[in-house]
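Trainee: I would like the atomic coordinates for the input below:
(chains A, B, C and D)
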There are 2 protein chains.
Amino acid sequence: MAASTLTEVARLAGVSPATASRVLNGSDRKPGPGVSERVRQAAEELGYIPNAQAQALAKSSSGLIGLIVHDIADPYFSAIARGVQSVAKTQNKMVLLATTGGTPADEKEAVAAFAARRADAIVIAGSRSSRPEDQKANTELAAELDRYCRNGGHVGIVGQAIVGAGRSEGYHLVELPNEQLASELAAQLAQLHSGEFVIVGGPEGLVTSDDRIRGFQKGLANAGRAPAEVVNTSFNRAGGYDAGRQLADRIRSSQEAEDGGDPAYTRKSRLCVFAANDVMAIGAVAALREEGLRIPRDALVAGFDDIETLRDFRPALSTVRLPLEEIGRLATMSTAGYSRKETLARSKTADESGHQPASTGAAHFGDGQGPAVTGEVKLRRSTQWTP
Amino acid sequence: MAASTLTEVARLAGVSPATASRVLNGSDRKPGPGVSERVRQAAEELGYIPNAQAQALAKSSSGLIGLIVHDIADPYFSAIARGVQSVAKTQNKMVLLATTGGTPADEKEAVAAFAARRADAIVIAGSRSSRPEDQKANTELAAELDRYCRNGGHVGIVGQAIVGAGRSEGYHLVELPNEQLASELAAQLAQLHSGEFVIVGGPEGLVTSDDRIRGFQKGLANAGRAPAEVVNTSFNRAGGYDAGRQLADRIRSSQEAEDGGDPAYTRKSRLCVFAANDVMAIGAVAALREEGLRIPRDALVAGFDDIETLRDFRPALSTVRLPLEEIGRLATMSTAGYSRKETLARSKTADESGHQPASTGAAHFGDGQGPAVTGEVKLRRSTQWTP
DNA sequence: TAGTGATGGGAAAGCGCATTCCCGTTTCAT
DNA sequence: ATGAAACGGGAATGCGCTTTCCCATCACTA
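Mentor: Presented below is the predicted three-dimensional model:
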């Protein structure tokens, strides 16, 4: 038994498919009450489920929102995904998921796949890459996005603009104040302790990581401190762990140099490790502990993101709270309000009349001054130590 | 500029749409090399992207896999989602996401939405509810799933069978040995310490939670221990936290009774808290600590799931490792290998020939002895204490 | 050389629905 | 009473693609 079609429903109800369509998928024309009743009943009886594909084809609007993340199991992305999902629900849309591991080439493919499905909007979360070897793929990604936009699509980008993407209509950027907040974090940590700093970041060229590192350095500089050494590793728990292993050696040797092996010696200067995200920070702590060091007695550790699941970690991580779910929501809402068709119609009108249509509430998302995302520096136990 | 269509490509290449279709989306008939070349070039030139909706409509196979979870930001589900996503990718399919908060009514709607989109398969992760008030919704969910299956869909269910769902073809269950593993955990914990046990579980009627609780009690019974008291709360961090608050009082008063207020007294019997999942366990630990208690000195805590992000938590949680990503993969693979069309054809053939087609490798997933998911009990610091 | 089967290409019929016309009724102002 | 305007319904077209079905061509074998 194949799924029943609108035509079957119409036949059973003794009306034309047109009428059946009108009553079942509310059009501006309201059919007579008797007819409506019959059709609805027929639909019920047959267990009619409209074919969304056919609807999409006929209406050229799919009710789909594409979401691109590096890894859905990463709490950073799953928090954003929750936000995206929540507004999708309010708009009666569904979210299509693509994970790319951060490869621009994969991201390009994901965009193409979403475009093929005529997604009403695409949300790209996850850091851009500015690595030279990714440049070609980035350009292609930008081209793909441009095409998607020209065809009436809307894309919401979390974080940084796509390298090389035109600022055309359809782009909506939710900027994250990574640099700013990292700088503030550094400032506050600099006040708190006088020792050296080390930064554990992702691979060079991962924009989010680079931004945070740069911000942190700026904050240190403003506080009159020397620039911190940077350890580049992978932008996840494993990377933090590896860095932690490396740092443990250094910490121990500098301790010996300072206390001359006297266990009763009270250390004045501890190393403060800033990891460019919380998951890395946790990895670093794990490694340091395995090496027999204690936090915050032997080293201070700070992170970034304020991942929910990690808030109960002890000693609590000093970090920067980013409203991730809200960010996902913002990025999605920034793209919303227009179906593909409306957008195409709008731009056509604009072409004819020779000027842009008045910008609506949602439109201002694209003008470079995206919605305000405010973070918050949180100082907690992992960077505070009184002997 | 609207997206270019196959017809436009065909025209540019000077061939018929039929031929263009054949060369661009591989059919069994291979067009001549000269023609292929021209068509491919035309497609490139126009930036042709096939309309997946139209393809789906024509082929009645959408390349979509629907995934239903309670909450995508919950690490349990996001780990499963990663597994689902990974096999989707190998099959060149995309994942459609729906979150339901665990409400059977929402799940029913999600299934309907997936059916409307003609998803090739649906994976349902997340516990069923056996609460009386959900019974009606469960029945409807089962009906919706049945219909979906009859129309050639495949559904992979993680955990427990849908209450009331027929065991018809198309259902594929990945059973989780929750009860079994909880029982083993209890057995090992019972060996480790002699004190009392308390179970912190989700709301009564949440099958996963109930299974784990029952298993734990069985394990205790087998070890000759009295049944543990059960605290029912919400199946998340907040629930664990609340329970922790409650338990703190009790722990303190029983401590006073035992040691008479002597701080040097070495406690013999500690309360061992088994939380029905790791996130709850973490919540409980947080609450206990806020109350000034220490783990494992004042209380032991065990969880379930072995959530990746929480492995670095200290003291390390005793828990049960479930291969979540693998589970997601299994559930997805169990549904795979058939397009909707093939399945419909197969069942038609079966009808005519009067017997079931030979079961393939994948088919055995539906026969009640689903793929083997093996977990592992992990005893760690949070339940081990030597004064 | 006629006959036969393969082969590559096109015409056309849907897939299931929305939507634009178009037409017969009714309603209301004149 | 009469025309216009609204209204409720149906026929038909098209969304973009796949897939039969059919036809012309070609390479063989007899």
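
Trainee: now do the phi/psi pair for the residue nearest the centre of chain A.
Mentor: Nearest to the mean C-alpha position of chain A, by Cα atoms, centre = their mean, lies residue A:125 at 3.1 Å. In terms of degrees, to the nearest 10, the main-chain angles of residue A:125 are phi -100, psi 160.

Trainee: who touches it in this structure?
Mentor: Going by Cβ atoms under 8 Å, 6 or more residues apart in numbering or on different chains, residue A:125 touches A:67-70, A:77, A:80-81, A:84, A:158-159, A:327-328, A:331. The way it works is simple: take the backbone N, C-alpha and C, and place the C-beta from them, glycine included.

Trainee: can you check residue A:73 too?
Mentor: B:75, B:78-79, B:81-82, B:308, B:325.

Trainee: host element of it?
Mentor: For residue A:73, there is no enclosing helix or strand under DSSP states H and E.

Trainee: how near is it to residue B:77?
Mentor: To residue B:77, residue A:73 is 9 Å away according to Cβ to Cβ, to the nearest Å.

Trainee: pLDDT check: weakest of the contacts of residue A:125?
Mentor: Taking the contacts of residue A:125 together, the minimum pLDDT is found at residue A:159 (91).

Trainee: could you report the neighbour count for the nearest residue to that one once chain neighbours are set aside?
Mentor: Closest residue in space to residue A:159, ignoring its immediate chain neighbours: residue A:176 at 5.2 Å, by Cβ to Cβ, 6 or more residues apart in numbering or on different chains. By other Cβ atoms under 10 Å in any protein chain shown, the residues close to residue A:176 number 21.

Trainee: what about residue A:122, is that helix, strand or coil?
Mentor: strand (DSSP: H, G, I helix; E, B strand; the rest coil).

Trainee: so it makes contact with residue A:112?
Mentor: No: taking contacts as Cβ atoms under 8 Å, residue A:122 lies outside contact range of residue A:112: 10.6 Å.

Trainee: the two - which one has more neighbours?
Mentor: residue A:122 (27 against 19).

Trainee: how near is that one to DNA strand D?
Mentor: Applying Cβ to the nearest atom of the strand, to the nearest Å, the value for residue A:122 to DNA strand D is 19 Å.

Trainee: show me the contacts for that residue.
Mentor: A:65-68, A:111, A:114, A:145, A:148, A:153-156, A:335.

Trainee: what are the bridge partners for the residue nearest to residue A:203 when sequence neighbours are not counted, then?
Mentor: Using Cβ to Cβ, 6+ apart and skipping the chain neighbours, the partner closest in space to residue A:203 is residue A:232 (5.6 Å). Judged by DSSP bridges, the bridge partners of residue A:232 are residue A:201.

Trainee: how many neighbours does residue A:232 have?
Mentor: Residue A:232 has 19 nearby residues by other Cβ under 10 Å.

Trainee: a markdown table for the contacts of residue A:122, including distance to DNA strand D, secondary structure and neighbour count?
Mentor: Shown next, in a markdown table, are those (distance: Cβ to the nearest atom of the strand, whole Å; DSSP: H, G, I helix; E, B strand; the rest coil; neighbours: other Cβ atoms under 10 Å in any protein chain shown):
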| residue | distance to DNA strand D | secondary structure | neighbour count |
| --- | --- | --- | --- |
| A:65 | 20 | strand | 27 |
| A:66 | 18 | strand | 26 |
| A:67 | 24 | strand | 31 |
| A:68 | 22 | strand | 24 |
| A:111 | 17 | helix | 29 |
| A:114 | 15 | helix | 29 |
| A:145 | 19 | helix | 27 |
| A:148 | 15 | helix | 24 |
| A:153 | 14 | coil | 26 |
| A:154 | 18 | strand | 28 |
| A:155 | 20 | strand | 27 |
| A:156 | 24 | strand | 29 |
| A:335 | 21 | coil | 25 |
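
Trainee: nearest to residue B:99 among these?
Mentor: Checking the contacts of residue A:122 against residue B:99 with Cβ to Cβ, the nearest one is residue A:67 at 12.4 Å.

Trainee: just confirm that closest one contacts residue A:100, I think it does.
Mentor: No: using Cβ under 8 Å, residue A:67 is not in contact with residue A:100; the gap is 10.9 Å.

Trainee: if we can go back for a sec, just give the number of residues close to the residue lying closest to the residue nearest to the centre of chain A once chain neighbours are set aside.
Mentor: Nearest non-adjacent residue to residue A:125, counting by Cβ to Cβ, 6+ apart: residue A:158, 4.3 Å away. Per other Cβ under 10 Å, the neighbour tally for residue A:158 reads 29.

Trainee: for residue A:158, phi and psi?
Mentor: The phi/psi pair for residue A:158 (degrees, to the nearest 10) is phi -90, psi 120.

Trainee: check contacts around it.
Mentor: A:80, A:123-126, A:174, A:176, A:327-328, A:331.

Trainee: could these be laid out in CSV, adding distance to residue A:223?
Mentor: As requested, these are arranged in CSV below (distance: Cβ to Cβ, whole Å):
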residue, distance to residue A:223
A:80, 31
A:123, 37
A:124, 35
A:125, 32
A:126, 31
A:174, 29
A:176, 23
A:327, 28
A:328, 33
A:331, 33
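
Trainee: greatest separation within those: which pair is it?
Mentor: Farthest pair in the contacts of residue A:158, by Cβ to Cβ: A:123 and A:176, 13.8 Å.
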